[in-house]
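Trainee: Quick one, what's the 3D model for this:
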Amino acid sequence: MAMISLSNLSPKPGSKHRRKRIGCGEGSGHGGSGSTRGMKGQRSRSGEGKNPGFEGGQMPLLRRIPKYGFSNKKFSVEFQEVFLEDIIEKIPKDIKDIDAKVLKEYNILKSINKPFKILVRDKEKIKLPSYSITLYAHKFSKSVLEIIKNSGYNYVQLDY
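Mentor: Residues are numbered from 1 along each chain as shown. This is a model prediction of the structure:
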């Protein structure tokens, strides 16, 4: 009995096949009209293809099942997030009115055209400046409103 080594290994007979070379002449066994597509019919033609939901003329499942419900997604408004800590940290003390243009100038806001909401990360750890400021925003979180009212700051809620 011969010893098995890497030099005499081979795949099991019948497990490997030559690649079908379609359209390479009659001698290849896959030439001529059709080239393994069979005779006439939709699937023998070039460009053959039906949409994924096609069921041979039967009414497709997607069209058979009832459609119901309502999605409010196209009417929803997506707000940009602005954190009070970032406003206090990045904007200089001499600016008293803080609106979208100021926030955009100091890279706190991504777009002036989209509405934004002022939030707070940790209301216990926030260090508020002693000078008075006026915040202009489309929305304020409850905790931010609480902080603003307690500190004596002014705020203006904009329409969106």
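
Trainee: Where is the longest helix in the chain?
Mentor: As assigned by DSSP state H, the longest helix anywhere in the chain is helix 142-151.

Trainee: tell me which residues in the following helix or strand past that one are buried?
Mentor: Going down the chain from helix 142-151, the next helix or strand is strand 154-157, by DSSP states H and E. Under the neighbour-count criterion of 16 or more other CB atoms under 10 Å, strand 154-157 has Y155 buried. Yep, even glycine has a C-beta here, placed from its N, CA and C like the rest.

Trainee: Summarise which helices and strands strand 154-157 is packed against.
Mentor: strand 134-137, strand 139-140, helix 142-151 (3 or more CB pairs under 8 Å, 6 or more residues apart in numbering; DSSP states H and E).

Trainee: Not counting it itself, show me its contacts.
Mentor: Residues from elsewhere that reach strand 154-157 (CB atoms under 8 Å, 6 or more residues apart in numbering): S132, I133, T134, L135, Y136, A137, H138, K139, F140, L145, I148.

Trainee: looking at it, the fifth one is touching D159, isn't it?
Mentor: To tie it back to what came earlier, the one meant is Y136. No: with contact taken as CB atoms under 8 Å, Y136 and D159 are classed as non-touching, separated by 11.3 Å.

Trainee: out of those two, which sits in the busier spot?
Mentor: More crowded of Y136 and D159, by other CB atoms under 10 Å: Y136, with 18 against 5.

Trainee: Pull out the buried residues from the longest helix of the chain.
Mentor: Buried-residue list, helix 142-151, by 16+ other CB under 10 Å: V144, I147, I148.

Trainee: Export only the CA atoms of that helix, formatted as CSV.
Mentor: Extracted as CSV, the C-alpha positions of helix 142-151 are listed here (Å, rounded to 0.1, in the frame of the first residue of the first chain):
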residue,chain,number,x,y,z
LYS,A,142,-37.0,70.4,30.0
SER,A,143,-33.7,70.3,31.9
VAL,A,144,-32.3,73.1,29.8
LEU,A,145,-35.4,75.2,30.4
GLU,A,146,-35.1,74.5,34.2
ILE,A,147,-31.4,75.6,34.1
ILE,A,148,-32.2,78.7,32.1
LYS,A,149,-35.0,79.8,34.4
ASN,A,150,-32.9,79.2,37.6
SER,A,151,-29.9,81.1,36.2
